[in-house]
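Need a 3D model of the sequence below.
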Amino acid sequence: MPVKIRLQRHGKKGKPYYWIVAADARSKRDGKYLEKLGAYNPNTNPATVDLNIDGAVQWLQNGAQPTDTARAILSYKGALLKNHLAGGVKKGALTEEQAEAKFTAWLDEKAGKVNAKVDDLAKAEADVKTKAFEAEKAANEARIAAAVVVEEEVTEETKAETTNEEVAEGIETATEETVKEVVSEEAPAKEETVKEVIAEETPVKEETVEDVVAEEAPAKEEAKTSKEEE
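Numbers count the residues shown, from 1 in each chain. Take a look at the predicted model:
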């Protein structure tokens, strides 16, 4: 019976989650399997892989053929390396202790690379957040500066309007005071002119009456005398 190590899809739409299984090559992709060897989650960065390395090596030694994706996962976790070292031990090229030491060294190196990648990703994410914060801060400062400029313009316009109103009120007040001064100055002058005219005209009239009386009196006496003589 041909056996394949392959992925069996699970999860939901848009977020797949895979099981790593050893299954009959003739069965459906998501059908029955012989053994579950681990899980693969591509939704994280880096991807999360949980693998039973010893079980995978045993299936490989029994002739199971991994698919391309499954082979990449087995290589990533060191299952292919361990299977290769196990073959060397069988041939007598190295002892089990040497093979185990090499595999442990490789795991440590691999863990260091993974941790470095995780640190780089965390640093990149922090840089992105810092840049986003600085951009937002700059935008807020620009917005505040614009608001201050608008407020200053409004204040200047208000001051200008107030100044214009004060000037207009000052002009009206000055005009009223000027009119009052002119009226107060003209009133005594008019009174003095009227008094002078009256004073000049009054003696003339008195003299005229006296002259008329004086002139008419002798004429009346003469007329009276002539009548008596007759």
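
Provide the secondary structure category for residue 87.
helix (DSSP: H, G, I helix; E, B strand; the rest coil).

Neighbours of it, how many?
The local packing of residue 87 (other CB atoms under 10 Å) involves 13 other residues. Using the backbone N, CA and C atoms, a C-beta is placed for each residue, glycine as well.

Stretch 30-48: which residues count as buried?
Residues 33, 34, 35, 37, 38, 39, 40 are the ones in stretch 30-48 that count as buried (16 or more other CB atoms under 10 Å).

err, stretch 45-58, not the other one
49, 51, 52, 53, 55, 56, 57, 58.

In this protein, what residue spans correspond to strands?
Per DSSP state E, the chain carries strands over the ranges 3-12, 15-24, 35-41, 48-51, 65-66.

For residue 140, find the nearest of those strands.
Closest approach to residue 140 among these is made by strand 15-24 (35.5 Å; CB to CB).

Considering only helices and strands, which part of this protein has the lowest mean pLDDT?
When each helix and strand of the chain is scored by mean pLDDT, DSSP states H and E, helix 96-229 comes last, with a mean of 71.

Rebuild the strands of the chain as TSV, extending it with mean pLDDT.
Converted to TSV, those look like this (pLDDT from 0 to 100):
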stretch	mean pLDDT
strand 3-12	92
strand 15-24	93
strand 35-41	94
strand 48-51	92
strand 65-66	94
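
Columns distance to residue 124 on top of those strands, output as CSV?
CSV is the format used below for these (distance: least, CB to CB, whole Å):
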stretch, distance to residue 124
strand 3-12, 26
strand 15-24, 23
strand 35-41, 21
strand 48-51, 19
strand 65-66, 32
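
Out of the ones you listed, which gets nearest to residue 130?
Closest among the strands of the chain, using CB to CB: strand 48-51, at 26.9 Å.

helices and strands around the closest one, which ones?
strand 35-41, helix 68-77 (3 or more CB pairs under 8 Å, 6 or more residues apart in numbering; DSSP states H and E).

now with 10 Å?
With contacts taken as 3 or more CB pairs under 10 Å, 6 or more residues apart in numbering; DSSP states H and E, strand 48-51 sits against strand 15-24, strand 35-41, helix 68-77.

Given the first one, what are its sheet partners and their directions?
Next to strand 15-24 in the sheet, as set by DSSP bridges, lie strand 3-12 (antiparallel), strand 35-41 (antiparallel).

pull the CA atoms of that strand into PDB?
What follows is strand 15-24, C-alpha atoms only, in PDB (Å, rounded to 0.1, in the frame of the first residue of the first chain):
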ATOM      1  CA  LYS A  15      -7.800  31.100   7.300                       C
ATOM      2  CA  PRO A  16      -6.800  27.500   6.500                       C
ATOM      3  CA  TYR A  17      -5.200  25.200   9.100                       C
ATOM      4  CA  TYR A  18      -3.600  21.900   8.100                       C
ATOM      5  CA  TRP A  19      -2.900  18.600   9.700                       C
ATOM      6  CA  ILE A  20       0.200  16.700   8.700                       C
ATOM      7  CA  VAL A  21      -0.900  13.100   8.100                       C
ATOM      8  CA  ALA A  22       0.300   9.800   6.800                       C
ATOM      9  CA  ALA A  23      -2.400   8.500   4.500                       C
ATOM     10  CA  ASP A  24      -3.100   6.000   1.800                       C
END
